[in-house]
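Engineer: Quick one, fold the following:
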Amino acid sequence: LIVSLLLLAIAACAASDDCKCGPFTYPDPSTTIPPLPYTANLDFPGNDMPPCGSDGCELSPDTDHITCETLCNKTTDCIGYVFSYSTCEHKSNNTCWLKSAMSGSGIPANCRDSARLQPVTTGPYCALTTQWAEQVDTTHPLPAYPRPQLVREGNWINLNGLWDIQLDAKFDVKPTYTQKVLVPYPIESCLSGVWNTSMTMWYSTTFITPDHEAGGSVLLHFGSVDWQTTVLINGQQVINHTGGYDPFTIDITPYVKESQQPNELAVFVYDPSDYGRQVFGKQRIDAIANPGGDTYTPNSGIWQTVWLESVARLHVTDYKVTPTLNSIDLIVFTNQDGMVDVTIPLPTGDPIKTTIASNTTTTIVIPNPQLWTPEKPYLYNITFKIGDDEARGYFGLRTFTLCKDNNGVTRPCLNNVPMFLAGWLDQSFWPDGIYTAPTDEALAFDVQAVKTFGMNMVRLHQKVNPQRWYWYADTLGVVVLQDMVQHYGSKHNTPSVDLYMDDLQAMMDNVWNHPSIVQYETFNEADMWSYFDVPAVVNFTQQYDPSRLVDTDSGGKANDLHVGAVNDIHDYPNPQNPQPSETQYAMIGEFGGIGAFVAGKEWWPNRCHTYLKVDTPAEEAATYINMTKTLLKNRNVSVSVYTQITDVELECDGFYNYDRTNKFDATTTQAIAAANQLLINAPLD
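Structural biologist: Model prediction:
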């Protein structure tokens, strides 16, 4: 199945205007439908508005539709109405429903008559954009060094920029390039310059072979590509990679031309999104034409930085640090076995200097250790040198385990100290970049927002983010509960156990060194766990990475198996009171969903939904603060996750609008932050 549809987005532009998204301009795809005269037996369900609401206003039997029309004309934002005679529906009074939206042509219905008094603009709409979209540079998008945990200075080339692309492509047919795409923004995003979707695509660009020492290597890195990727250098196939959320690297030295000569890089991508058997998170192709619910626009193709790196013949490829409170177990991976010089600067005194064998585990004791905490997220720098290669990284000293508080209640314990984690659900979707933040500043904004609202934790939901997002969490002291991406539902296909397990291991390898990540969520609700031997998956995760806790199934029935470290329930809208046990702490993995809908900030106007709708942001804030008071009474709970940081498409229950503008003024933001700080710092016993 090859799909190529115009991507839908948000906040309506006037029909005569073009759509502006950063450096790109698109024709406005919206259409205007005219007023509709009073028509018998025609209904427009939904979008009922005050003062009549979903039950309608009762009118005396001697009235007619003109009374309803008059009421609509007097009501702000009413564009039409539905009217019903009492004699038709066997009621004592006539009924009038006022409508804030009346798209389409309506549906036939006995006893319902209607009129659309105003012309209506219908979707798709121009894309809502963030403040950072205007900062996107087509020559150097996302220029920051993409791998902060293994840095080599001065010998890398960022390949982000305008590439050629062909959609609806076939692998065995030579592509014909007729348009450009701005890499690394997914093709469905307006920042890509494509604003379209397809299950198959060819990318192409050229690069100059960078200078590298004799016998050295040229590495080609992909931060992430969704989903199956085939890479060709000068027409020669160099790799097939499967997985939409993990980085991969190719030594392309045998395939490139001599230094300073041009080379062709071609990339074929196949991404079936929710039609495939792989994990895809909250992506849904149907959301393009029919947005709504808790699934969103898909993310196809290259969505993280592509870059080149020149390295010595013998070089470090990766490292893994597993911390305790006063030492690290360190493995330095190299392309060939050898001895690696390791240097760790200390806060005071001489640095640690030692030489260890590569590709094996070595324990290094850290004197007078400085621990990583949300209040003081201390990070140690570490440098590796083997032969002519030198690279640097960092690590944090922390543990995250189960322990008991003074009352014997099972708690999550950071560095052996029981703690309360208050945070929110972060789906990391962007209105202009989908999976990809417009700029590095935008990426940092979402992490800093946790601190802005007085929280100390984020549950990263159904997504694995770029390395720089975790680097910001590490440096700012934000605790991360990391979801494993799910195969969300089985409408079009069932999940593959093998693909899931491959991606689970790849995710853990990818995020291993980040001290901010303290827990994995293996499953979410009823998304896919029924296809698995759940205890076996949890056991594998615990054994593969014993430095973190495992949450079996956040808010789902597999939670009832009572394996893993967490009794995790979901409560909407109000937080309830799950109980810990000897082997599990209590967590509310999702609650809240309080939504104040802000005009002009909606994905599609008048189509927002949420778990608990309120009329104003002030009411949203007050309702949330009252919920924190409930949590203060339920002190057996150790973790609370509010839904959510931002509105996402038509799910409008964020503290921020989808474009990252704050729904609250400064005073209200401070009040929410104070409530969260009270929740975090109140005694647990």
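Engineer: residues contacting the residue nearest in space to the middle of the chain?
Structural biologist: Using Cα atoms, centre = their mean, the residue of the chain that lies closest to the mean C-alpha position is residue 428, 2.5 Å off. Contact analysis of residue 428 by Cβ atoms under 8 Å, 6 or more residues apart in numbering lists 435, 437, 446, 460, 461, 463, 465, 469. Yep, even glycine has a C-beta here, placed from its N, CA and C like the rest.
Engineer: In helices only, show me those.
Structural biologist: Those of the contacts of residue 428 mapping onto helices are 446, 469, per DSSP state H.
Engineer: Closest one to residue 368 out of the contacts of residue 428, please.
Structural biologist: Distance to residue 368 across the contacts of residue 428 (Cβ to Cβ) is lowest for residue 469, with 30.7 Å.
Engineer: tally of neighbours for that closest one?
Structural biologist: 25 (other Cβ atoms under 10 Å).
Engineer: Wait, it touches residue 450, no?
Structural biologist: No. When contacts are counted by Cβ atoms under 8 Å, residue 469 is not listed as touching residue 450 (11.7 Å).
Engineer: ok, now how distant is residue 67 from residue 93?
Structural biologist: Using Cβ to Cβ, to the nearest Å, residue 67 is found at 11 Å from residue 93.
Engineer: intersection of neighbour lists for those two?
Structural biologist: residue 59.
Engineer: circling back to that earlier point, most neighbours, which of the contacts of residue 428?
Structural biologist: residue 435 (30 neighbours).
Engineer: Reformat the contacts of residue 428 as CSV; add distance to residue 380 and pLDDT.
Structural biologist: Compiled in CSV, those are given as follows (distance: Cβ to Cβ, whole Å; pLDDT from 0 to 100):
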residue, distance to residue 380, pLDDT
435, 31, 98
437, 27, 98
446, 25, 98
460, 24, 98
461, 30, 97
463, 28, 97
465, 23, 98
469, 21, 98
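Engineer: Show me the contacts of residue 428 that map onto strands.
Structural biologist: Among the contacts of residue 428, the members falling in strands (DSSP state E) are residue 460.
Engineer: Just name the closest of the contacts of residue 428 to residue 370, please.
Structural biologist: residue 469 (23.7 Å).
Engineer: Would you enumerate the residues in contact with the closest one?
Structural biologist: Residue 469 sits next to 428, 437, 443, 446, 447 when contact means Cβ under 8 Å, 6+ apart.
Engineer: just so I have it, where are all the strands in the stretch 251-400 of the chain?
Structural biologist: Taking DSSP state E, counting those that start in this stretch, the strands of the stretch 251-400 of the chain run over residues 262-270, 301-302, 306-311, 316-323, 327-334, 339-344, 352-357, 361-365, 380-386, 389-395, 400-404.
Engineer: which one of these lies closest to residue 130?
Structural biologist: strand 301-302 (20.3 Å).
Engineer: partners of the closest one, with directions?
Structural biologist: Sheet pairing of strand 301-302 (DSSP bridges) gives strand 225-226 (antiparallel).
Engineer: which stretches of the stretch 101-250 of the chain have low pLDDT?
Structural biologist: Within the stretch 101-250 of the chain, no stretch has pLDDT under 70.
Engineer: Please enumerate the helices of it.
Structural biologist: With DSSP state H, counting those that start in this stretch, there are no helices along the stretch 101-250 of the chain.
Engineer: got it, and the stretch 501-650 of the chain?
Structural biologist: Using DSSP H, counting those that start in this stretch, helices in the stretch 501-650 of the chain cover 534-544, 617-633.
Engineer: Present those helices as CSV; the columns should include mean neighbour count.
Structural biologist: Output for these, formatted as CSV (neighbours: other Cβ atoms under 10 Å):
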stretch, mean neighbour count
helix 534-544, 17
helix 617-633, 17
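Engineer: right, so of those, which gets closest to residue 188?
Structural biologist: Nearest to residue 188 among those is helix 617-633; the distance by Cβ to Cβ comes to 29.4 Å.
Engineer: Dump that closest one to PDB, keeping only the CA atoms.
Structural biologist: What follows is helix 617-633, C-alpha atoms only, in PDB (Å, rounded to 0.1, in the frame of the first residue of the first chain):
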ATOM      1  CA  PRO A 617      -6.800  28.200  31.700                       C
ATOM      2  CA  ALA A 618      -7.300  29.600  35.200                       C
ATOM      3  CA  GLU A 619      -9.800  26.800  35.900                       C
ATOM      4  CA  GLU A 620      -7.400  24.300  34.500                       C
ATOM      5  CA  ALA A 621      -4.700  25.400  36.900                       C
ATOM      6  CA  ALA A 622      -7.100  25.400  39.900                       C
ATOM      7  CA  THR A 623      -8.300  22.000  39.100                       C
ATOM      8  CA  TYR A 624      -4.800  20.600  38.800                       C
ATOM      9  CA  ILE A 625      -3.700  22.200  42.100                       C
ATOM     10  CA  ASN A 626      -6.700  20.600  43.800                       C
ATOM     11  CA  MET A 627      -5.600  17.200  42.300                       C
ATOM     12  CA  THR A 628      -2.200  17.700  43.900                       C
ATOM     13  CA  LYS A 629      -3.900  18.100  47.300                       C
ATOM     14  CA  THR A 630      -5.500  14.700  46.700                       C
ATOM     15  CA  LEU A 631      -2.100  13.300  46.000                       C
ATOM     16  CA  LEU A 632      -0.800  14.800  49.300                       C
ATOM     17  CA  LYS A 633      -3.400  12.800  51.200                       C
END
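Engineer: Begin at 58, not 1, for the rest of this chat.
Structural biologist: Sure thing, new numbering starts at 58, so read that last one as helix 674-690.
Engineer: Give the other helices and strands that it contacts.
Structural biologist: strand 642-649, strand 651-653, strand 669-671, strand 694-700, helix 723-738 (3 or more Cβ pairs under 8 Å, 6 or more residues apart in numbering; DSSP states H and E).
Engineer: Format those as JSON lines; extra columns: distance to residue 553 and mean pLDDT.
Structural biologist: Shown next, in JSON lines, are the helices and strands packed on helix 674-690 (distance: least, Cβ to Cβ, whole Å; pLDDT from 0 to 100):
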{"stretch": "strand 642-649", "distance to residue 553": "25", "mean pLDDT": "97"}
{"stretch": "strand 651-653", "distance to residue 553": "35", "mean pLDDT": "96"}
{"stretch": "strand 669-671", "distance to residue 553": "36", "mean pLDDT": "95"}
{"stretch": "strand 694-700", "distance to residue 553": "28", "mean pLDDT": "97"}
{"stretch": "helix 723-738", "distance to residue 553": "40", "mean pLDDT": "97"}
